[in-house]
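1. 3D model of this:
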Amino acid sequence: MPTRICAIDELVENQAVKVIIDGLPIAVVKDSSGTIHAIGDTCTHGEISLAEGFIENDTLECWAHGSQFSLTTGKPLNLPAYEPVPVYQVDLIDGDVYLDPNVTKEI
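-> Below you'll find the model as predicted:
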């Protein structure tokens, strides 16, 4: 069952928000084109919150060691991370953002 995260208008462009659903940390991002993404919030290189990182184009960069993760695939684009983070299906319903942590996107 999808969980309401926030209103679409509450998300700031190119700024990640960390949400926790059923104990699972997820970074929610509205990119510069207005597309909303949800990826696993924990960097696979170290236990660092990606929501505290930097958004550039379609990537979220870990602030600690610089690994950039694709917002669409979850794959790291550079070292030191080499394992992807999960990417979650985002549903936009009546101006609100919903996601189900049990539903990942097929990449």
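2. can you list contacts of the helix or strand containing residue 102?
-> Using DSSP states H and E, residue 102 falls within strand 96-104. Here strand 96-104 makes contact (C-beta atoms under 8 Å, 6 or more residues apart in numbering) with 1-8, 11, 21-22, 24, 26, 28, 36, 38, 86-92. (Each C-beta comes from the backbone N, C-alpha and C, glycine too.)
3. for the chain, what spans make up the strands?
-> Taking DSSP state E as the test, the strands found in the chain are 3-7, 17-21, 24-30, 36-40, 54-56, 59-61, 68-70, 88-93, 96-104.
4. for the longest one, C-alpha coordinates in CSV please.
-> So that's strand 96-104. Presented in CSV, the C-alpha positions along strand 96-104 are these (Å, rounded to 0.1, in the frame of the first residue of the first chain):
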residue,chain,number,x,y,z
ASP,A,96,0.5,14.4,-3.6
VAL,A,97,3.6,12.1,-3.7
TYR,A,98,3.1,8.5,-2.8
LEU,A,99,5.5,5.6,-2.7
ASP,A,100,5.5,2.0,-1.6
PRO,A,101,8.9,0.8,-0.2
ASN,A,102,8.0,-2.7,-1.3
VAL,A,103,7.7,-1.7,-5.0
THR,A,104,11.0,-1.0,-6.7
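5. related to what we said a few turns ago, buried subset of the contacts of strand 96-104, written for ChimeraX?
-> A single ChimeraX command selects the buried members of the contacts of strand 96-104 (16 or more other C-beta atoms under 10 Å):
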select :2,5,11,21,26,28,36,38,86,87,88,90
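6. buried residues, stretch 55-63. List them.
-> Those would be 55, 58, 59, 60, 61, 62, for stretch 55-63 by 16+ other C-beta under 10 Å.
7. could you dump the residues you listed to TSV with pLDDT and distance to residue 76?
-> Shown next, in TSV, are the buried residues of stretch 55-63 (pLDDT from 0 to 100; distance: C-beta to C-beta, whole Å):
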residue	pLDDT	distance to residue 76
55	96	15
58	93	13
59	97	9
60	97	10
61	97	10
62	97	9
